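Engineer: what's the 3D shape of this:
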Amino acid sequence: MHTYRLLFFLVSISLPHFVWAQSNNPVGGHFGVKVGVSFTQLAITGVSPNIPHRAMEPLAGVMYRYRYHKVVIQPEALVGVRGGTFQQELTTGGRSTTGVSYYYASLPILAGFIPTEGITIQAGPEFSYALNGGRTGGPGSKNDVGVVVGAHYDFLDMLDKFSLHIRYVHGLVNVSPEAGASYYNRNLQIAIVYNLYPKKKKNK
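Structural biologist: Numbers count the residues shown, from 1 in each chain. The predicted structure is shown next:
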């Protein structure tokens, strides 16, 4: 949580230095900066002493959004923490809890459709690289591929430079460091985007 608060603070103090004006053109692209949280958990199959539970971890990155009328292409570059928490049964009774932190750099490439102005339904693949893959406490695999489904919502009026992302990422690669079990990443992400819209051209 301390990492998330630091990222949010840095973005908050830096964004006011940019002066941008929103473009409502149905064709065009722009960049954005996003910060948020991931409600992350590992789905485990096989033989393992670990009982998985959800944890809330930080998420941050940048995106490029290109719109052509009602169709949107949106690649992103993200860094975040996945894993969750594990509980283990103790021989003396009760359970112990440990945190599991898998650090990823991810590249989701999303396609979207705008059913009504302000809302985009999105889906696509996500390619991830584990920064602590193969290390003690990290995932057994350095690479992960996931399927992303979610929605992009553009705020209006005084918050028109901001958007909300809600999405689910379903990992397809076994990232387990255990020989007898399979681990798969499961993540629900919620993030706020600050859109860096291009400046409006002044009429001559």
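Engineer: pLDDT weak spots in this protein?
Structural biologist: For the chain, applying pLDDT under 70 flags the ranges 1-25, 201-204.
Engineer: and the helices in the chain, which stretches?
Structural biologist: With DSSP state H as the criterion, the chain has helices at 2-14.
Engineer: the longest strand in this structure is where?
Structural biologist: Longest strand in the chain by number of residues (criterion: DSSP state E): strand 95-116.
Engineer: alpha carbons only: can I get it in CSV?
Structural biologist: Once non-C-alpha atoms are left out, strand 95-116 reads as follows in CSV (Å, rounded to 0.1, in the frame of the first residue of the first chain):
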residue,chain,number,x,y,z
ARG,A,95,-3.1,-21.2,10.4
SER,A,96,-0.2,-19.0,9.4
THR,A,97,-0.5,-16.3,6.7
THR,A,98,2.3,-15.2,4.3
GLY,A,99,2.2,-12.6,1.5
VAL,A,100,3.1,-13.6,-2.1
SER,A,101,4.4,-10.8,-4.3
TYR,A,102,5.0,-11.5,-8.0
TYR,A,103,6.3,-8.3,-9.8
TYR,A,104,5.2,-8.0,-13.4
ALA,A,105,5.7,-5.7,-16.4
SER,A,106,2.7,-6.2,-18.6
LEU,A,107,1.6,-5.3,-22.1
PRO,A,108,-2.2,-5.5,-22.7
ILE,A,109,-3.3,-4.9,-26.2
LEU,A,110,-7.1,-4.3,-26.2
ALA,A,111,-9.7,-3.8,-28.8
GLY,A,112,-12.9,-2.0,-27.9
PHE,A,113,-16.3,-1.0,-29.0
ILE,A,114,-18.3,2.1,-27.9
PRO,A,115,-22.0,1.1,-27.6
THR,A,116,-22.8,4.5,-26.2
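Engineer: parallel or antiparallel, which strands does that strand pair with?
Structural biologist: strand 71-89 (antiparallel), strand 119-130 (antiparallel) (DSSP bridges).
Engineer: so which of the ones you listed gets nearest residue 179?
Structural biologist: strand 71-89 (16.7 Å; CB to CB). Backbone N, C-alpha and C define where each C-beta goes, glycine included.
Engineer: quick one: the closest one to chain centroid distance?
Structural biologist: In terms of CA atoms, centre = their mean, to the nearest Å, the centre of strand 71-89 is set 5 Å apart from its chain centre.
Engineer: now swap in stretch 91-99 and tell me
Structural biologist: 30 Å.
Engineer: quick one: contacts of it?
Structural biologist: 51, 53, 55, 83, 84, 85, 86, 87, 88, 89, 90 (CB atoms under 8 Å, 6 or more residues apart in numbering).
Engineer: quick check: the fifth one touching residue 54?
Structural biologist: Yes. Contact status for residue 84 versus residue 54: in contact at 5.6 Å, counting by CB atoms under 8 Å.
Engineer: more crowded one of those two?
Structural biologist: Taking other CB atoms under 10 Å, residue 84 and residue 54 do not tie; residue 84 has more neighbours (26 against 15).
Engineer: dump the residue contacts of that one.
Structural biologist: Counted by CB under 8 Å, 6+ apart, residue 84 has contacts 40, 41, 42, 52, 53, 54, 55, 99, 100.
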